[in-house]
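K.L.:
what follows is a predicted structure for the sequence shown.
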Amino acid sequence: MLFRRHFLAGLALTPVAARAAQPLGTVATISILADMVRQVGGNEVDVVSLVPPDGDAHTYEPRPGDLLAVRGARVVVENGLGLEGWMDRLRGASGFAGVRVVAAEAVTPRHFVEDGATTIDPHAWQDPRNGVRYVRAIAAGLAKADPAHADAWRARADAYAAEIAATDAWIAARLAAVPAEKRQIVTSHDAFGYYGDRYGIRLHFVEGIATDAEPSARDMARLIGDIRAQGIRAVFIENMTDPRLMAAVAHDAGVTVGPEVYSDALSPPGGPADTYIKMLRYNTAAFADAMLTNR
Ligand SMILES: [Zn+2]
């Protein structure tokens, strides 16, 4: 009898317990956002990134599995600012009915003028103060989808935001050691504009905001001229771009290419930049060391 009562009670409780333990299914467009979701959501969230580590969000082509992932998600986290041109269509086709988070919604966008046309620069996460804004948006979105965990997620978001703010202070101190006239870097696409604005670094690059534009011979020649004239030795390739273009520029300018830096995607797990904070620190160390060798 006793056994029977416990058995029935167990049966009645199982579905509720199982539902409570089910992590909140979340899809992030890029690995940087997926890391932020993981930091805020902890074990109560199960997150996948559509664009893989080392992947290029600008030119990404969704796979059939992505449609199913978005359809089954309760939260989708996107950057916004025009980064994921393929996402509206994917979300629409999936019939997604959950909470949509646009991480950059509270960011003041940076604009970029190229050949007379003004474009919004989507790489806002490269300024850690925007990273904090992203974290707030993500915590609010998770809480909306699953209010039962809202307090825990807000507390974790607060701790994580403090860690990002401490990283921002560390970066500013590290770069303060570089004389102002040496604060110049060359990268293959213009992904570090927010970073440069934040820390007073002058940027040169081969491609514009996106990675799919072919630079003209004139653009290449102008960049090589700048590298020579300014005595720049801090020349970098981002992890998600084709290295050949920058290798050719560096060769013609007579400089060597520095370590790979991380702009639009994290490294695979176990790599030097497999979290957002590690990415910021790794890039900063690489930039600072190389900028000191500028003439
Ligand atoms: Zn980019």
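P.N.:
Perfect, thanks for sending it. Residues are numbered from 1 along each chain as shown.
K.L.:
and stretch 230-246, which residues are buried?
P.N.:
By neighbour count with 16 or more other CB atoms under 10 Å, stretch 230-246 contains the buried residues 230, 232-241, 245-246. Just so you know, the C-beta spots here come from the backbone N, C-alpha and C atoms, and that holds for glycine as well.
K.L.:
also stretch 279-295?
P.N.:
279-284, 286-288, 290-291, 294.
K.L.:
state the distance from the residue nearest the centre of the chain to the ion.
P.N.:
In the chain, the C-alpha nearest the mean C-alpha coordinate belongs to residue 32, at 3.6 Å (CA atoms, centre = their mean). When distance is defined by CB to the ion, to the nearest Å, residue 32 is 11 Å away from the ion.
K.L.:
so what's that residue up against?
P.N.:
Applying CB atoms under 8 Å, 6 or more residues apart in numbering to residue 32 gives the contacts 125, 264-266, 276, 279.
K.L.:
would you map out the domains in the protein?
P.N.:
2-169, 178-291 (automatic domain parsing).
K.L.:
tabulate those domains (a markdown table), appending mean pLDDT.
P.N.:
As requested, those are exported to a markdown table (pLDDT from 0 to 100):
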| stretch | mean pLDDT |
| --- | --- |
| domain 2-169 | 91 |
| domain 178-291 | 91 |
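K.L.:
circling back to that earlier point, now the two most distant members of the buried residues of stretch 279-295.
P.N.:
By the measure CB to CB, 279 and 294 form the most distant pair in these, at 22.7 Å.
K.L.:
out of the contacts of residue 32, flag the one nearest to the ion.
P.N.:
Lowest distance from the ion to the contacts of residue 32 (CB to the ion) belongs to residue 264, with 4.2 Å.
K.L.:
contacting residues for the closest one?
P.N.:
Here residue 264 is in contact with 30, 32, 56-58, 83, 123, 191, 238, 240 (criterion: CB under 8 Å, 6+ apart).
K.L.:
what about the nearest residue to residue 241 once chain neighbours are set aside, distance to residue 173?
P.N.:
Nearest residue to residue 241 in three dimensions, chain neighbours excluded: residue 188, at 4.6 Å (CB to CB, 6 or more residues apart in numbering). According to CB to CB, to the nearest Å, residue 188 and residue 173 sit 28 Å apart.
K.L.:
just give the number of residues close to the residue in the stretch 101-250 of the chain positioned nearest to the ion.
P.N.:
Scanning the stretch 101-250 of the chain for proximity to the ion using CB to the ion identifies residue 191 as nearest, at 4.3 Å. Residues near residue 191, counting by other CB atoms under 10 Å, number 27.
K.L.:
got it, and residue 148?
P.N.:
With other CB under 10 Å as criterion, residue 148 counts 10.
K.L.:
where does it sit: helix, strand or coil?
P.N.:
helix (DSSP: H, G, I helix; E, B strand; the rest coil).
K.L.:
secondary structure element for the residue nearest to the centre of the chain?
P.N.:
helix 31-41 (DSSP states H and E).
K.L.:
direction included, what does the helix or strand following that helix pair up with?
P.N.:
Counting by DSSP H and E, the next helix or strand C-terminal to helix 31-41 is strand 45-49. If you go by DSSP bridges, strand 45-49 pairs up with strand 24-28 (parallel).
K.L.:
and for the partner strand, what's in contact with it?
P.N.:
34, 36-37, 41, 44-50, 69-70, 72-78, 142, 145-146, 149.
K.L.:
of those, grab the buried ones for PyMOL.
P.N.:
For the buried members of those, the matching PyMOL selection, counting by 16+ other CB under 10 Å, is:
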select buried, resi 34+36+37+41+44+45+46+47+48+49+50+69+70+73+74+75+76+77+78+142+145+146+149
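K.L.:
please list which of the contacts of strand 24-28 are also close to the ion.
P.N.:
Of the entries in those, none also sits close to the ion under the rule CB under 5 Å from the ion.
K.L.:
what's the helix or strand for the closest residue to residue 106 other than its chain neighbours?
P.N.:
The shortest distance from residue 106 to any residue other than its chain neighbours is 4.5 Å, reached at residue 133 (CB to CB, 6+ apart). Here residue 133 sits within helix 128-145, counting by DSSP H and E.
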